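*Asks:* Need coordinates for the below:
(one chain, ligands or ions: 1)
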Amino acid sequence: MARPAARRNRHLVAVSAAAVATVALFATTTGCVAMATEDPGSSAGPSSSGKNGKGRGDGEAGRSPGAASPGAATPPARVSAEITHDSEDQGKTVNLTIDDGPEPGWTVKVLDLLGKYDAKATFCIIGSRAREYPDLVKKVAAAGHRLCDHSADHNTAMDKRPESYQEQQVLDARKAIEKAAGPGARVLYYRAPGGAFTPYSREVAASHGMRPLGWNVDTHDWQNPGTDRIVETVKKGMKEGPTVLFHDGGGNRSQTVAALERLLPWFKEQGYKFSYPKI
Ligand SMILES: [Zn+2]
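*Replies:* Numbers count the residues shown, from 1 in each chain. Model prediction:
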């Protein structure tokens, strides 16, 4: 645990410093392959150590207050390109973020649970999956959850590809998600697959009104570590920050669903307010 945290800190420095250095560093940690190996605590998972902003109050320049509600008719023209980890609400908050869907079976189960506990979440959707399952994206948006661009194809090595490819991955996904979600839906965040952000991709996202989105607590649920383990990771990890990473796609997510069934009432009992990541 200590070691990856140290590496994340190095990433943090690299991201703010230079594109070249960032690419080199990310190359060392995003060794994951395609879909299922999602955000394995790699880079942008500014997870516990809160890289690129260390939790509270990282670069808020360019923040547009008008972008707050899920169905905001007028999205911000531009937001900060810094990776956000914070909540837009004050106090004891949790930002549930759910990646790699939509996926038949799991996405609806997650939505049902969120509805049952009156919880809100941010869904980081893969563009190709939005095209495949538009009805599920509509359900997510209709339930009032926020939408996040998780790239067109979930290529966790996209940070090592040309800028033209990165731009295509970011913008194609946004288009696919907004089309699937229906009129008025807006994608307010961008989370790189496997945390493979680059300064360029963050800039592309920000200039299209999508705030780069990191996380503080990585549940590693995509690795199916067991429901108890996921629950404990979250309970212990909340001191690191409010943004928690789960998955509703990329494989059998029954452990994620079972963990949420236990965690959602726990958050309420503990006095957490369900929030969205700060834009
Ligand atoms: Zn992912």
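
*Asks:* isn't S201 right next to R161, touching?
*Replies:* No: counting by C-beta atoms under 8 Å, S201 sits too far from R161 to count as a contact (9.8 Å). Quick note: C-beta positions are derived from backbone N, CA and C, even for glycine.

*Asks:* And the two? Which one has more around it.
*Replies:* S201 (24 against 16; other C-beta atoms under 10 Å).

*Asks:* ok, the more buried one to A192 distance?
*Replies:* 6 Å (C-beta to C-beta, to the nearest Å).

*Asks:* Overlap of the contact sets of those two?
*Replies:* 158-159 (C-beta atoms under 8 Å, 6 or more residues apart in numbering).

*Asks:* hey, C-alpha coordinates of the strand or helix carrying Q169 in PDB?
*Replies:* Using DSSP states H and E, Q169 falls within helix 163-181. Only the C-alpha atoms of helix 163-181 are listed here, as PDB (Å, rounded to 0.1, in the frame of the first residue of the first chain):
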ATOM      1  CA  GLU A 163      -2.900  13.800 -29.100                       C
ATOM      2  CA  SER A 164      -5.300  13.300 -32.000                       C
ATOM      3  CA  TYR A 165      -6.200   9.900 -30.600                       C
ATOM      4  CA  GLN A 166      -6.600  11.200 -27.100                       C
ATOM      5  CA  GLU A 167      -8.900  13.900 -28.400                       C
ATOM      6  CA  GLN A 168     -11.000  11.400 -30.300                       C
ATOM      7  CA  GLN A 169     -11.300   9.200 -27.300                       C
ATOM      8  CA  VAL A 170     -12.500  12.000 -25.100                       C
ATOM      9  CA  LEU A 171     -14.900  13.700 -27.500                       C
ATOM     10  CA  ASP A 172     -16.400  10.600 -29.100                       C
ATOM     11  CA  ALA A 173     -17.300   9.300 -25.700                       C
ATOM     12  CA  ARG A 174     -18.900  12.500 -24.700                       C
ATOM     13  CA  LYS A 175     -21.000  12.600 -27.800                       C
ATOM     14  CA  ALA A 176     -22.100   9.000 -27.400                       C
ATOM     15  CA  ILE A 177     -23.000   9.400 -23.800                       C
ATOM     16  CA  GLU A 178     -25.000  12.600 -24.400                       C
ATOM     17  CA  LYS A 179     -26.800  11.100 -27.400                       C
ATOM     18  CA  ALA A 180     -27.700   8.000 -25.400                       C
ATOM     19  CA  ALA A 181     -28.800   9.900 -22.300                       C
END
